[in-house]
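Novice: Return atomic coordinates for the entry below.
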Amino acid sequence: MYDLIDNDADEVTLASDWNFKFKDAMVHKAPYTRKWLMYMDAYMGDYFKNAALPDYKSDLVSNYIFSVVETIRPIMLDNNPKFLSMPRQPEGMKFANDQQEAFMYEWDREDMSAKLYKELVNTLVLGTSVWFIPWDSDEKQIKGIPVNIYNIFPDPLATSFDDAEYIIYASYRNVNKLKKMFPTKAKKLTGGQINYTELVQDNSRNARIDNQVLVLEVWTRDYDTYEEVSEKEKTVKLKYPHGRVITLCPELGTVLSDKANPYNDGEFPFEMIKDYDLPGKFWGEGEVAQLLSPQKYLNQMNNAILDNAKSTANMPWIIDKNSGVKIGGITARPGLVIRKNPGSEVKRDQPPSMPNYVINAVETYKADIEQISGVYSSLKGENSTGVYTAQGILALKESGQVRIRLKVKLMEDSLGKIAMKWNSRMKQFWKEDRWIMITRQDGSYDMKNFTKNVLKYDYDTKVSSGSTMPVNRGAMLDLMIRLAQTQMPDGQPLVDREAVVEYLPEEIKGALLRRMGDKQQIVEQQLQEMQQALEQLGQQLQQFAKQDQQDDKATLSTLDQLTSAIESINAKIIQLQEEYDTMQQEKKKMEETEKIKTMSYNQGYTDSEKLYDPSQQSNPMMGQEKTQVGGLDSLPDDLLKGINGMNDEEFKLLMSQNPQLMDLIK
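Specialist: Residues are numbered from 1 along each chain as shown. Predicted structure coming up:
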């Protein structure tokens, strides 16, 4: 923390500067303050009352503004808002439900629904309600505090909290409380009267209370810098990168504290809900601003009619002086008998009729109020001419909620921003695990441990659109029953029974859901028992499988041995087959050789006989035949070819057996 207050002079200067800015913001806000006081009086009915009227004048106030506001308010919060947490990182998806449950726990713990319903009066009447979301370091809790808009003074150029340079919260506090909170400044604190009456919570403009001190809590963006010198370089940094918070007493020139914004998000801890969000305007507009004028003249017309009725219901009497009727002898008693002297006159004037335009003006102003506010008779459940069916009445009510839906949309967007600030506080200050209470669907409660690991991720929180709007449970229940009776192609109903139970009356919904839950628990228990039995059976099957695997291993070992033996036998058979084929080839080759040998021998023997037979030598044809056949020393050509095809061993064998062939071959 960097403190700019070095001495009393600097303290007075700082207090004076912010006092000037406070006065400037107050002047800029003054027109709104005057209108707000008038709007709130109109809502309460005090604005239309005139204490200076004489007794005989009527002062009736038919406050349609109050009726409009109180018709809209329950519709906007018929249901609690449903918050949705959406993680910004994929890793946070598994924690989104935990984050959502934690925020709903915080919402219920702070009783925000009741506070929101109460603050809707300011939203609808004044146009704006403001919320303060701080961290209470004493209670170690996040707070949701509604702030009186009379006490908020924004930067005059701001259009929202996001673009404001500063926000001042001004209030009166008892001097004794301030001395306890800031004991070092106790000597400088003195109490006095309230000068700005609009700053007190009850808005009492006649309050004169002593021992009060005006305190300004200033949340501002600060651009003061300082130089940080390191070994390598000199850098300029902001003294208050997240902003600055100054608490001071402007009328006393005393600064109570000056510190950095304690919140890491760097935003002002304020958020607002608007009724009508006007472009370029910081403050919203409410219902009363447009309804005030017709309401005022409607009251005047009603009082005129009432005065006319009172006067015409008791018209004056005209009595002659000599009528004999005593003064005070005529009263408004029914059946009064008046005795008068003969020749005198006692009569009563006939009252003039009320002009038709007066009655028409009243109806016109009523219609104007409906048109301006968007709250029609059908929205209140009144019958409309020509519409008699239930569906038709529901359609009229829904169409009458169009303007209200816009208000709900703005409110839900603002609630989402409040939730974002709330989540920022949780992420910054929840450093330990916490036990949170969750609400089940059947309305029962349970405790859940919320771990700090959930808050490591960033979440965007939004409100489900239209979740706060009313729902016609009777019509929805009928629809859900019909949908539950409609079967899909797979045989399942279009909606389950939980969807039907959701629209039952609250007094039986919880009990029915609990009974359904008990039955579901019994079914789940039975399923668990069956699952355990299946697991046991699975374990037994695994044991059997293991035994079978062992037996299979033994069998496989035997089969492997048999397979190896068969493969060895097959190899031997193949080897024997190859040897047999080789032997057959050799045998065939030998047979062919023997055949050649035999043929050669026989042919050689025959030729020898022819050569050495004398009987055949005288025949000249023989010699001629021998020469012709012998081609090579008288041997035939085919025989010579056979001898040429022999190998050395075969040729040697042939010559050893037939030596006579040697001469013929030569």
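Novice: could you pull out the strands for the stretch 1-150 of the chain?
Specialist: Ranges of strands in the stretch 1-150 of the chain, per DSSP state E, counting those that start in this stretch, are 83-87, 128-132, 135-136, 141-142, 145-147.
Novice: Show me the one of the ones you listed that comes nearest Phe282.
Specialist: Of all those, strand 128-132 sits nearest to Phe282, with 8.5 Å by Cβ to Cβ. Every C-beta, even on glycine, is put in place using the N, C-alpha and C of the backbone.
Novice: Just the C-alpha atoms of the closest one, please, in PDB.
Specialist: C-alpha atoms of strand 128-132 as PDB (Å, rounded to 0.1, in the frame of the first residue of the first chain):
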ATOM      1  CA  THR A 128     -32.600   1.900 -10.300                       C
ATOM      2  CA  SER A 129     -31.400  -0.200  -7.400                       C
ATOM      3  CA  VAL A 130     -27.700  -0.500  -6.400                       C
ATOM      4  CA  TRP A 131     -25.900  -3.500  -4.800                       C
ATOM      5  CA  PHE A 132     -22.600  -3.500  -3.000                       C
END
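Novice: Give me the neighbour count for the residue nearest to Ile436 when sequence neighbours are not counted.
Specialist: Spatial nearest neighbour of Ile436, excluding adjacent residues (Cβ to Cβ, 6 or more residues apart in numbering): Tyr105 at 4.1 Å. By other Cβ atoms under 10 Å, 18 other residues sit near Tyr105.
Novice: wouldn't Ile436 be in contact with Asp446 here?
Specialist: No: counting by Cβ atoms under 8 Å, Ile436 sits too far from Asp446 to count as a contact (9.8 Å).
Novice: Give me the more crowded residue out of these two.
Specialist: Neighbour count, other Cβ under 10 Å: between Ile436 and Asp446, Ile436 has more, with 18 against 9.
Novice: can you confirm the more buried one is in a strand?
Specialist: Yes: with DSSP: H, G, I helix; E, B strand; the rest coil as the criterion, Ile436 is located in a strand.
Novice: pLDDT score for it?
Specialist: Ile436 carries a pLDDT value of 87.
Novice: how near is it to Ile133?
Specialist: 19 Å (Cβ to Cβ, to the nearest Å).
Novice: Over to Met86?
Specialist: For Met86, the distance to Ile133 (Cβ to Cβ) stands at 20 Å.
Novice: do the same with Gly280
Specialist: Applying Cβ to Cβ, the value for Gly280 to Ile133 is 25 Å.
Novice: Now name the helix or strand holding the nearest residue to Lys29 once chain neighbours are set aside.
Specialist: With sequence-adjacent residues excluded and distances taken as Cβ to Cβ, 6+ apart, Lys29 is closest to Phe153, at 6.0 Å. For Phe153, the host element (DSSP states H and E) is strand 152-154.
Novice: contacts for that strand?
Specialist: Strand 152-154 is contacted from outside by 22, 25-26, 29, 130, 161, 164, 166-170, 270, 282, using Cβ atoms under 8 Å, 6 or more residues apart in numbering.
Novice: For that strand, give the mean pLDDT please.
Specialist: For strand 152-154, mean pLDDT rounds to 95.
Novice: Across the sheet, point out what pairs with the most centrally placed residue in the chain.
Specialist: Centrality entry for the chain: nearest residue to the mean C-alpha point is Leu84, 3.0 Å, by Cα atoms, centre = their mean. Bridge pairing for Leu84 (DSSP bridges) gives the partners Lys462.
Novice: about what we covered before: which of Met86 and Ile133 has more residues huddled nearby?
Specialist: Set Met86 next to Ile133 and count neighbours by other Cβ under 10 Å: Ile133 wins out with 22 against 14.
Novice: Per-residue pLDDT of the more buried one, please?
Specialist: According to the prediction, Ile133 has pLDDT 95.
Novice: cool, and Lys431?
Specialist: As predicted, Lys431 sits at a pLDDT of 89.
Novice: Same check on Thr389?
Specialist: Note for Thr389: predicted pLDDT of 61.
Novice: Then Gln624?
Specialist: 40.
Novice: what does the one 4 residues further on give?
Specialist: At Gln628, the predicted lDDT confidence score is 39.
Novice: for the one 3 residues further on, same thing?
Specialist: You'll see Gly631 listed with a pLDDT of 40.
Novice: go on, the one 5 residues further on?
Specialist: At Pro636 the predicted local confidence, pLDDT, stands at 65.
Novice: now Glu231, what's its secondary structure?
Specialist: Using three-state DSSP, the structure places Glu231 in coil.
Novice: Can you get me a residue count around it?
Specialist: Neighbourhood size, Glu231 [other Cβ under 10 Å]: 4.
Novice: what's the distance between it and Thr225?
Specialist: On the measure of Cβ to Cβ, Glu231 and Thr225 end up 21 Å apart.
Novice: Chain neighbours aside, what residue packs nearest to Lys188?
Specialist: The spatial neighbour of Lys188 that comes closest, neighbours along the chain excluded (Cβ to Cβ, 6+ apart), is Thr254 at 4.6 Å.
Novice: is it true that the one you found touches Lys185?
Specialist: Yes: contact criterion Cβ under 8 Å: Thr254 and Lys185 qualify, at 5.9 Å.
Novice: one step back: who's in contact with the residue nearest to the centre of the chain?
Specialist: Here Leu84 is in contact with 100, 461-464 (Cβ under 8 Å, 6+ apart).
Novice: picking up where we left off before, so which of Thr254 and Lys185 has more stuff around it?
Specialist: Applying other Cβ under 10 Å to Thr254 and Lys185 shows that Thr254 carries more neighbours, namely 23 against 18.
Novice: Could you pull up the residues touching the more buried one?
Specialist: Neighbour list for Thr254: 11, 15, 185, 188-189, 248 [criterion: Cβ under 8 Å, 6+ apart].
Novice: Just give the number of residues close to Asp648.
Specialist: Using other Cβ under 10 Å, Asp648 is surrounded by 7 other residues.
Novice: what's the distance between it and Leu654?
Specialist: 11 Å.
Novice: quick one: which of the strands of the stretch 1-150 of the chain is nearest Leu541?
Specialist: For the strands of the stretch 1-150 of the chain, the distance to Leu541 is smallest for strand 83-87, at 43.1 Å, taking Cβ to Cβ.
Novice: how far does stretch 297-306 sit from the chain's center?
Specialist: A distance of 51 Å separates the centroid of the chain from that of stretch 297-306, by Cα atoms, centre = their mean, to the nearest Å.
Novice: And the contacts of it?
Specialist: Under the contact criterion Cβ under 8 Å, 6+ apart, stretch 297-306 has outside partners 48, 57-62, 64, 354, 358-359, 361-362, 365-366, 369.
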